[in-house]
Structures are given as structure tokens and as C-alpha cells.
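[1] Compute the structure for the input listed below.
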Amino acid sequence: MATPIIKIQRLLIKSMFEGISFVSNPLVAGALLFVLTRQPGQSGNTIKTRLIEQLDRLPFELNLERTIIVLKVLFGFGFITRTNAYLNTIAQSSWALTAPVSDWVWHQEIAVVTGGSAGIGEQTSIRLAKKGVKVAILDISPPTNAALQNNPRVHFIHTDVTDIKAIDSAADEIRSKWGSPSILINNAGIGAARLITESTPETLVKIFGVNVFHHFYTVRAFLPDMVKRNHGHIVTIASTASFVALPGIADYAATKAGILSFHEALKQEIVHVHKAPKVLTTVIHPNWTRTALIAKEADQIEKAQGPLLTPGVVADNIVEPIFSARGRQVIIPESLKLLSLVKAWPNWLQDGFRGLLAKQASQEFMAR
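    I've put the predicted structure just below:
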């Protein structure tokens, strides 16, 4: 369990990063630079004079010259990061400079959501249906949310996603009822805390079947029609565990790293083999989310690491690229983007970073 001091440290670090993020916005940093370097300060009421007065009140020394240097650095940093974000966006959308939103007529689109009856899948299905999209939910249990029950735009099909014949049968049923889906959200996933030495062939077959193999089965069933029309969007629900594996979740992390590789290969096959650049791909990496997957450990994780994500927040990040007609890689929360760079670090730094995370994870695991 995290001590009060650790919690305060996390809060301070979070506040610091949020403050830097705000000031590094080129519009903010640029405006401040303009005022401090261009605005004359003869009058006590000028913006420049007021800013200087605020600087003088800080508990540490930061004179005008230093402030201007810091702002120039933040402006450059903000410009580079936002340019990088834009390049990432168009790269994830096959280098399309503009989003083909007009190609999407939402009341004519058909979505397939695996594991769509509860948690993140449920909230995603609700948002799609509200937009007018027809939603086929493939799950082993029917939805219990009233927004998905008796809804003419929602069709539930009892499906074991680890069974390729069941997937093919569901695909035939959807095509017979509505037509060919243009949106595929591979959301179904399972996991449990266990050490590698506690794994069994049965648990491994099950977790890899749900978390990895079903992605292959659904893409095999639905991608060909998307390619024919050069129109579609496939969303892979991965995890921040795609980047960093911790004690007690080796099998889960392996599946999430695996589907990240699957997603990367899928995008290249769609663009360079199938020649269908308008079939978009998105991968979502949520951190710990309060769902049935971690119901038993949720409170313990929250005490140790802070507030968990909610299914609604994750669902908002799933439908945003769909409705924007943009492929994306989304890490939730955004403050954890650093995790995607860990494997590029020197080995000594990677090991030290993983060790810090593993110590806390080990304590939480042993306390289960």
C-alpha cells in the first residue's frame, strides 16, 4: 500500500507535469514570450509589469532573462511535441493529410464489438449506437444495460470468441441481417494474477485464445469485405502492459505485447499488401480500468496507484478516432506515454525502471 508521502510525491509530480504541459503549449508560451519581449512596461498596469511582479513573488529566483530562456525552451519543446503528434496522426492514417469523415455515414455503418456486453465493450457499444451505428455484440453473456436491450440498432450473438467456427457463424449472421461490418473492435479480454510457475496449459490456452487468437479470427472474418470497399476501421484493445510487464501478470502482458505486434503487422498488410489505405487501424492502451477483469484487486490497486480509469473514459478514447476517421495509437492516461519508449532505453535504465515498478507490484501481489 502506498504511504501518504508517496501519494504526496505522486500528486506533486502529476501537478508538475500538468503545469509543464500547459505552459509548453506553443500558444501559451508564445504569447508569454511576445508579452515579455515586446510589450513596453512603462505603466504599472501593463501586462509585462504584472508578469514581472508575479515572478518576483515566487519562492525561488527566476528573473526576467531566465524566464525568457525557459519559455523559449518550452515553446520549442511544445512545437516539436505537437508537430510529432500531428505526424503520428497522419502516419497512423496512411499519411492522409485530411480525415475522410465524409466517407462515413454513421446510420449506415455496422460495428462488431467483441466482449461488448459489459465494461469497456458495453460503454463503447452504447456510444456507437447513440451515433446511429448498428452494433453487433459478440459475447458469452447478453448485455444487461438498458441502453443495449431491446435496441433495434443492437444485435447480440452468443459467441465464444476462441472458437473460429463460432466467429465465422456470427459473421454470416451479421451479413445476413445487416450487411458487411465496417467497424471491428476487438475488445474481449481476460486476465488473472498468477506467477509464471502457477500457470497451467489450461490457463495459458484460455488467455491466449481470448486475448490473442480471437483477433486473428475476427480479422480473418471481416477484413476481406473492408478491403473490397477500401472502407473500414479495426480497433485493437491492448494495454499499457504491452510495454512493461510486471510480476504476477506475465501471461496477460505477453498477450498484450503480442496483439500490439499483431496490430502493427495488420496495418502494414492492409496498406502495402491489400492496397486499402482507407481501412484504418487504431490501438488503445488503457492503464488499470475498473472492470470485472480486476474486480477483486481494484480497491487495492487504487490505494497503491491512485484513481483507476473508468470504462466510460476508455470508451470515449475508443470512439474518438472512429468518429474522427483517423487511425491512432492511444495511451490512457496520456501521462503514461513514456511507457511506450521504455524498450528504446539502455538496458541498465530499463532494468532499473522495471525494478522500481516490480517492487511495488510484488508487494501488492503477495498481499492478495
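[2] Setting aside sequence-adjacent positions, which residue approaches Lys130 most closely?
    Excluding the flanking residues, the one nearest Lys130 by CB to CB, 6 or more residues apart in numbering is Ala147, at 7.9 Å. Quick note: C-beta positions are derived from backbone N, CA and C, even for glycine.
[3] Surely that neighbour and Ile126 touch.
    Yes: contact criterion CB atoms under 8 Å: Ala147 and Ile126 qualify, at 4.8 Å.
[4] Which of the helices and strands in this protein ranks last by mean pLDDT?
    Within the chain, confidence by mean pLDDT, DSSP states H and E is lowest for helix 4-23 among all helices and strands, at a mean of 47.
[5] Once you drop chain neighbours, what's closest to Ile110?
    Per CB to CB, 6+ apart, closest to Ile110 is Pro181, 4.3 Å.
[6] Now Thr236: phi and psi?
    Here is the backbone geometry of Thr236 (degrees, to the nearest 10): phi -100, psi 120.
[7] cool, and Glu198?
    According to degrees, to the nearest 10, Glu198 has phi -100, psi -10.
[8] now it: how far from Glu334?
    Counting by CB to CB, to the nearest Å, the separation of Glu198 from Glu334 is 34 Å.
[9] Over to Val73?
    Applying CB to CB to Val73 and Glu334 gives a distance of 21 Å.
[10] what's downstream of the least confident helix or strand of the chain, the next helix or strand?
    Sequence order places helix 26-38 as the next helix or strand after helix 4-23, per DSSP states H and E.
[11] Extract the C-alpha set from that following helix and format it as PDB.
    The C-alpha trace of helix 26-38 is given here as PDB (Å, rounded to 0.1, in the frame of the first residue of the first chain):
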ATOM      1  CA  PRO A  26       3.100  27.000 -28.200                       C
ATOM      2  CA  LEU A  27       0.100  29.300 -28.000                       C
ATOM      3  CA  VAL A  28       0.700  29.900 -24.200                       C
ATOM      4  CA  ALA A  29       4.500  30.000 -24.300                       C
ATOM      5  CA  GLY A  30       4.400  32.100 -27.500                       C
ATOM      6  CA  ALA A  31       2.000  34.600 -26.000                       C
ATOM      7  CA  LEU A  32       4.100  35.000 -22.800                       C
ATOM      8  CA  LEU A  33       7.300  35.400 -24.900                       C
ATOM      9  CA  PHE A  34       5.600  38.100 -27.000                       C
ATOM     10  CA  VAL A  35       4.500  40.000 -23.900                       C
ATOM     11  CA  LEU A  36       7.800  39.800 -22.100                       C
ATOM     12  CA  THR A  37      10.000  40.600 -25.100                       C
ATOM     13  CA  ARG A  38       7.700  43.100 -27.000                       C
END
